[in-house]
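Engineer: Got a sequence here, can you build the structure:
(4 chains)
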Protein chains: 2
Amino acid sequence: MRFMSNLSSTSDEILASARNLIMSGGYNGFSYADISEVVGIRKASIHHHFPSKVDLVRELVKRYREDGETNVATLEQNVPDALGILSVYANHWAKCIEDASRPYCVCALLASELPSLPAEVATEVTAFFRFISSWLTSVMDRGSQQGTLILANAPEIEAEAFLATVYGAMLSARAYGKPEVFAVILQPALSRLTPSISH
Amino acid sequence: MRFMSNLSSTSDEILASARNLIMSGGYNGFSYADISEVVGIRKASIHHHFPSKVDLVRELVKRYREDGETNVATLEQNVPDALGILSVYANHWAKCIEDASRPYCVCALLASELPSLPAEVATEVTAFFRFISSWLTSVMDRGSQQGTLILANAPEIEAEAFLATVYGAMLSARAYGKPEVFAVILQPALSRLTPSISH
DNA sequence: CGTATTCTTCCTACTAGTTGGTAGTTTCCA
DNA sequence: TGGAAACTACCAACTAGTAGGAAGAATACG
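Structural biologist: Residues are numbered from 1 along each chain as shown, chains lettered A, B, ... in the order given. Coordinates of the predicted model:
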C-alpha cells in the first residue's frame, strides 16, 4: 500500500488532468488518450482507477463540490462580514482567471452542456449549483440582517443575481480573451451591495 | 436550380439541426451522423454542402451573428426608448428559454469551449460577443442621455454587466432546470436601470 | 525469519463502434 | 447536356472499454 492519503496519487493526477481538460473543452472535449499523455500512464491503466468516463467525471465533480464546501467553511470562519465574504469569493475567481491557473469553472462548462451529459454527471453538476446558490443566499441574508449588505430584493434573488453575474463575467472574460473584464464587471456588482454615504 | 432563396433548402436544414445540436452539447457534442439522422440525408451529402465541420460551424456562427444584427436593427427601429429595448431583449430570451425553442445561446456554449475550438470558429464567436457588447454599450449610452436609463457606471461597464447578467441567468436556468429563473434574475437587473419615484 | 499468497498497479494487445472525410457514381432537373 | 445534389462504399484515425499478464509491495503463515 502507498503512503496513506498521499497528496498526489495517480488517481489524483488523473482527476487533476481531467479537470484541466474539461475546463477548456468540456465533457466531449477530452479522451482517455489525452489524460494518458499528461499523466504518463497507459490508457488501460486509467480504466483501472476509473472504470468508465462517467465514473471519472462524476467523481471529479463530486470532489469539486466537496472542496468548495470545505473552502466556503474556512472562508466563513476567517471572514466575519458578509460583504468581505462576497469580495473574497469574487477576488478568488478574478485571480484564478488572470493567472490562468483555473480560468473557468468546471461546473459552468458542464452546466452549459447539461442536456447532453450522462444523467449521473448532470445530477452532480446540478447539486454543485444548488450548493453555491444556497450558500450565497445565506450570506445575503446574514449581511442584510447585520447591515453590512444593502439588498434591493429578497436574499434568494440577490444570491441568484450575484451568482449569474459571477458566471456571466467568467464567460465574458473567456469570450473576449481579456481576464480583466471579470473584475470590471464584478466591481460595480459588489459596490451596489455596499452601504455607503451616498445612499 | 431550386426555387431562389428557398426558405428551407437542405443547407439551411443542416445549419438548423447543427444549431440545435450545438445548443445542447457544444462543438464536440455532435457529429455529421447526428445531422444526417435529423435531416434525412447521408453523411457524405452533408460534406457536399459543408466540406468540413469547421466550415459548417463557422458559417453557422457567422449567420447567427448576421441574424442578430438584423434583429437588433429592426428592434431599434420599432422601439424608441432604451429601457424598452433592453426589456424586449431580455423578454426574447426569457420566452426562448421557457418554451424550450432556443433554450440557450449557441455562442454562449461555444464561448465556454473557446480554448479548444478551431481558430476559425473561435474568431467568429468572439466577433459575436464584440457585436452584442458594442450594441448594448450604444443602448446604455443613448438611454443615459435620454434620461430613460439611470446608470451607476460608464455605459461600457453597464453594458458588460448587463450582458453578463443575461448570460449568467441563462446558465442558471439551465443548471437548475428551471426556465423561470432567467426572468427572476433579469427583473431586478432591469429595474435597477429604471428611473423611478423612489430614487 | 523466510516464503508463500494476495492485492494493487501498471502493462501489452485487442475490440467494436464512431469520427470526420474522400472517391466515384447515379439521379434529376434546368 | 451539364451541373447540382444526392448516393454507395470506402478509409484512417480515434473512441471508450476489455482481457489477460507481469512486476512489485503488503500481508499471512509456518
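
Engineer: DNA strand D contacts on chain A?
Structural biologist: Where chain A comes near DNA strand D, counting by Cβ under 7 Å from any atom of the strand, the residues are A:1-2, A:30-34, A:43-44, A:47, A:51-54. Heads up, the C-betas are built off the backbone N, CA and C, glycines and all.

Engineer: In strands only, show me those residues.
Structural biologist: Using DSSP state E, the subset of these located in strands is empty.

Engineer: Most neighbours among the residues you listed, which one?
Structural biologist: Within those, neighbour counts (other Cβ atoms under 10 Å in any protein chain shown) peak at A:Phe30, which reaches 24 neighbours.

Engineer: What helix or strand is the closest residue to that residue other than its chain neighbours located in?
Structural biologist: The shortest distance from A:Phe30 to any non-neighbouring residue, by Cβ to Cβ, 6 or more residues apart in numbering or on different chains, is to A:Leu21 (3.6 Å). In this assignment (DSSP states H and E), A:Leu21 forms part of helix A:10-25.

Engineer: and that helix with DNA strand C, contact?
Structural biologist: Yes. Interface with DNA strand C: helix A:10-25 contributes A:Thr10 (Cβ under 7 Å from any atom of the strand).

Engineer: who touches the helix or strand harbouring A:Cys107?
Structural biologist: Secondary structure from DSSP H and E places A:Cys107 in helix A:106-112. Where contact means Cβ atoms under 8 Å, 6 or more residues apart in numbering or on different chains, the residues beyond helix A:106-112 that reach it are A:19, A:22-23, A:26-27, A:57, A:60-61, A:64-65, A:117, A:121, A:125-126, A:128-129, A:167, A:170-171, B:26, B:104, B:108-109, B:112-113, B:171, B:174-175.

Engineer: hmm, try it at 7 Å
Structural biologist: Contact with helix A:106-112 is made by A:19, A:22-23, A:26-27, A:61, A:64, A:117, A:121, A:125, A:128-129, A:167, A:170, B:104, B:108-109, B:112, B:171, B:174-175, as judged by Cβ atoms under 7 Å, 6 or more residues apart in numbering or on different chains.

Engineer: what pLDDT does A:Leu21 get?
Structural biologist: Note for A:Leu21: predicted pLDDT of 98.

Engineer: ok, it - how many residues close by?
Structural biologist: Counted with other Cβ under 10 Å, A:Leu21 comes out at 19.

Engineer: A:Asn20 now?
Structural biologist: Residue neighbour count, defined by other Cβ under 10 Å, stands at 17 for A:Asn20.

Engineer: Check A:Ser24 too.
Structural biologist: Each residue near A:Ser24 was counted by other Cβ under 10 Å, and the total is 18.

Engineer: how near is it to DNA strand C?
Structural biologist: Between A:Ser24 and DNA strand C the computed distance is 18 Å (Cβ to the nearest atom of the strand, to the nearest Å).

Engineer: Wait, that residue touches B:Leu117, no?
Structural biologist: No. Using Cβ atoms under 7 Å, A:Ser24 is not in contact with B:Leu117, being 9.5 Å away.

Engineer: ok so, going back, can you tell me which of the residues of chain A next to DNA strand D are in helices?
Structural biologist: Mapping the residues of chain A next to DNA strand D onto helices (DSSP state H) picks out A:Tyr32, A:Ala33, A:Asp34, A:Lys43, A:Ala44, A:His47, A:Lys53, A:Val54.

Engineer: would you turn those into CSV with distance to B:Leu186?
Structural biologist: Shown next, in CSV, are these (distance: Cβ to Cβ, whole Å):
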residue, distance to B:Leu186
A:Tyr32, 41
A:Ala33, 42
A:Asp34, 38
A:Lys43, 46
A:Ala44, 49
A:His47, 45
A:Lys53, 36
A:Val54, 34
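
Engineer: now the residue nearest to the spatial centre of chain A, nearest residue through space, not along the chain?
Structural biologist: Nearest to the geometric centre of chain A sits A:Cys105, at 4.4 Å (Cα atoms, centre = their mean). In space, A:Cys105 comes closest to A:Met170 once its chain neighbours are excluded; the distance is 6.3 Å by Cβ to Cβ, 6+ apart.
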